[in-house]
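Participant: Here you go, sequence then predicted model.
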Amino acid sequence: MRFTKFLKVEVDVVVARNAFIPDNKSSKEYLENVAIAFMQEEFAKVNGFKENDVIKITSKGRSVNLKVKISDIAHEKGILIPNGIYASYLTSFDGFKRFKAEIELADGEITKPEEIIEKLKG
Amino acid sequence: MAITPMEIYKLLPKTNCKKCGEQTCMSFAFKLVNRERKLEECTPLFEEEKYARQREKLIEYLKPLEEATETGLIVKEELCVGCGNCVVVCPVHVEKDPYGCGSGLAPKTDKLILKVENGVVHVLDMDMCRRYGKNRVLCVVCRENCPTDAISFLEG
Amino acid sequence: MSGNTEYYTCAGCSCLCDDIEIDLDGENAKTVKTACRRGSNIFLEYKENRAEPAIEGRKVEFEEAIKKAQELIEKSKSLAIYGMDTIPIEAQKVAIELAEGKEAYIDNSSSYCLGDFVEMVLKKELPTATFDDVKDYAYVIFYWGVDPHNSLPRHMSRYTYYPRGKKRQRGYEEDRYLVVADIRKSHTAMLVAKNARFIQVDDDLKLVDAFIKVIDKQMPEKYADDAVRVIREMQKADFNVIMGGLGLRYGLKGNYEKFKEMINKMNEVAKVYFIPAGCHANMRGFNEVLFEKTGFVNKYSFKDGESSLDYAFFELLKNDKVDTTLIIGSDPVNSLPFEISKKLAKINTIVVDPRKSFTTQIAKVVIPSAISGVEQGGTMIRSDGVRVKVNSLFEREINDVYVLERLKEVVA
């Protein structure tokens, strides 16, 4: 049980392309390379996150669970998520590639694209 | 992470027993990096129980040596995006294939050091690399222009 | 290596690399040479995850899917055609004819991507050049709001910073100056070393302002050192290029006038060209074909005979203005904001795609098609405007031109 489990952190989310995003959206590579949130080592440490943690990102009332990956390609005060169905689920045209969100340690597994598609079908 | 003689030395028995044929453990450590000696030649390390933990650590630490090419260039395919920077930037390539690699295009010859195939870079012929051989030059251009650290050198 | 090596073109992104060698093993690509990770996978894995003809999720025969799509198009009162970023211009033209015949709306991803920049370039409001010119002559290579290492992997090694050129024979360390402007230290920014500069930008408009002020010998609010240094480098040569991506597009917040002012000002003291960085393989192809026909690059309504933000695909969906949509070679459920893409599940959505994209999973009708560069060829336009011939490894009867011609049958 980690103390940080109860802490929510407000972050700047940047969405960007990543060379490992597969064109085949049914592949397991899609989950491995798109359902991730990059963050810098210092930011992760200060906020109690570790590599491979599952975090819940909430923006505009919608949430996804993504896996943490420590990387310098994220900016200092936030997270970077790859282009794809997760970014599109969280965003709007008011701040299309850059928006504010809250992150916290998640209880469950990373979100699968099917879950978002089910929500879309309503 | 470069494999250094100092890091190896710290895990050796440090008794200078000379059983491996070297005068000192430090000398053995250097020869290990150059692949002139094998870890198994330090018989006390393998025969004496008190060195078990150090032995395990050393075996782990030296793993990349097994995977590296003859002259120490390691390619981590899982990090390579196939951008071709290394192929285009290599001074040997520019000299040997100015209108192919040197101009950013597909190579016009097979006599090259590096080549991108099936999306990732592969080593073809390290002998041509300037880092090795009699007139060696400290050339790090390929590694410098790989932002994902897919290319690294054994010696650091 | 023989002199008559057959080269193929990869349609993975707007680099449109046409120097790809492929060793075939029957109907499979065994070895793909030179193409990047993404491009190689297109050839190596082309058989995977292919779309199947379907109506409301139920697998049907191809003809049945075509007939259903024709029926939906015929009875539609308000049709929007979208996508086409990954198909050759020969197929884009048929889609445009279909839209015209049905007085429909037509748009591609450029309406929320780089369409505005392409328009400015086509209307000659921004001076532009080709990547071949850049390779041969450019000194300052400025990537603004784009991370080519990830979005256009071979861009830097094929067209800009790394290759030698006619007047850039001494290589990147002496003959090029790299500038990367981004909100974070992207992989491309990590390549900034000796003769280069990384500008960490939080507000692109302030950086634009900095360049303008510095040229006018005034003190800007921010980025003074960066602007001074870059201008100084630009003045050392007679050919410099700025390539703008999505970061710049969204960073400018629609203030293109200020950006144009900056480019003009730069050209008072040095020679600076602008090229839209690029994204999808043939996004610009659609822009140019539509521009030739209508004078507009996207967001067009054949009924109203004009282009407007109201006719952008995402606006039409947001405002519930269409009852049917035909999506070709694109995956809006993947790329558009949820609130907008969810509308696609409520209307008659027809998807023409070679793969089981996310959008095929919510579509009323799915029509399988061919993969560009592998099963269909044609012409595609690179992000710098150069037309590139795309061969195909195997010819298939069913491709985008065929499907669109079939759908066009029910239109006047």
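Facilitator: On my side now, so go ahead. Everything numeric in this text was worked out from a predicted model, so none of it was measured.

Participant: Could you use CA atoms for every contact and neighbour count after this?
Facilitator: Fine.

Participant: Kindly report the residues of chain A close to chain C.
Facilitator: When proximity is defined by Cα under 8 Å from any Cα of the partner chain, chain A lies next to chain C at A:17-20, A:22-26, A:72-76, A:83-85, A:88-93, A:96-97, A:117, A:120-121.

Participant: Now the closest residue to chain B within chain C: closest residue in space, sequence neighbours ignored.
Facilitator: The minimum distance from chain C to chain B, using Cα to the nearest Cα, falls at C:R37 (3.6 Å). Counting by Cα to Cα, 6 or more residues apart in numbering or on different chains, B:G119 is the residue found nearest to C:R37 once chain neighbours are left out, at 3.6 Å.

Participant: Go ahead and confirm that neighbour touches C:F43.
Facilitator: No - using Cα atoms under 8 Å as the test, B:G119 is too far from C:F43 to be in contact (10.4 Å).

Participant: Now for the two: what residues contact both?
Facilitator: C:V32 (Cα atoms under 8 Å, 6 or more residues apart in numbering or on different chains).

Participant: before we move on, back to that, helices - which of the residues of chain A next to chain C land there?
Facilitator: When DSSP state H is applied, the residues of chain A next to chain C are split such that A:85, A:88-90, A:117, A:120-121 fall in helices.

Participant: Among those residues, the buried ones, what's the ChimeraX command?
Facilitator: Burial among those is assessed by 16 or more other Cα atoms under 10 Å in any protein chain shown; the matching ChimeraX selection reads:
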select /A:85,88,89,90,117,120
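
Participant: Using CSV, lay out the ones in helices among the residues of chain A next to chain C together with pLDDT and distance to C:A51.
Facilitator: Converted to CSV, those look like this (pLDDT from 0 to 100; distance: Cα to Cα, whole Å):
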residue, pLDDT, distance to C:A51
A:I85, 96, 19
A:S88, 97, 22
A:Y89, 97, 23
A:L90, 97, 27
A:I117, 96, 17
A:L120, 94, 20
A:K121, 92, 19
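
Participant: I'd say B:G84 and C:H149 touch.
Facilitator: No - here B:G84 does not reach C:H149: they are 10.1 Å apart, not a contact under Cα under 8 Å.

Participant: what residues does the helix or strand hosting C:A99 touch?
Facilitator: Per DSSP states H and E, C:A99 falls inside helix C:89-101. Under the criterion Cα under 8 Å, 6+ apart, residues C:80-81, C:84, C:105-106, C:282, C:285-286, C:289-290, C:302, C:378-380, C:400-401, C:404-405, C:407-408, C:411-412 lie in contact with helix C:89-101.

Participant: Try it again at 7 Å.
Facilitator: The contact list for helix C:89-101, computed with Cα atoms under 7 Å, 6 or more residues apart in numbering or on different chains, reads C:81, C:84, C:105-106, C:285-286, C:302, C:378-380, C:400-401, C:404-405, C:408, C:411-412.

Participant: For chain C, what's its nearest residue on chain B.
Facilitator: Closest residue of chain B to chain C, Cα to the nearest Cα: B:G119 (3.6 Å).

Participant: Select only the buried ones of the residues of chain A next to chain C in PyMOL?
Facilitator: One line in PyMOL is enough to select the buried ones among these; burial here means 16+ other Cα under 10 Å:
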select buried, chain A and resi 17+18+19+20+22+23+24+25+26+72+73+74+75+76+83+84+85+88+89+90+91+92+93+96+97+117+120
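
Participant: which residues touch C:R37?
Facilitator: Applying Cα under 7 Å, 6+ apart, the residues contacting C:R37 are B:81-82, B:118-120.

Participant: Which residues outside stretch A:28-43 are in contact with it?
Facilitator: Applying Cα under 7 Å, 6+ apart, the contact partners of stretch A:28-43 are A:20-22, A:66-72, A:74-82, A:84, A:110.
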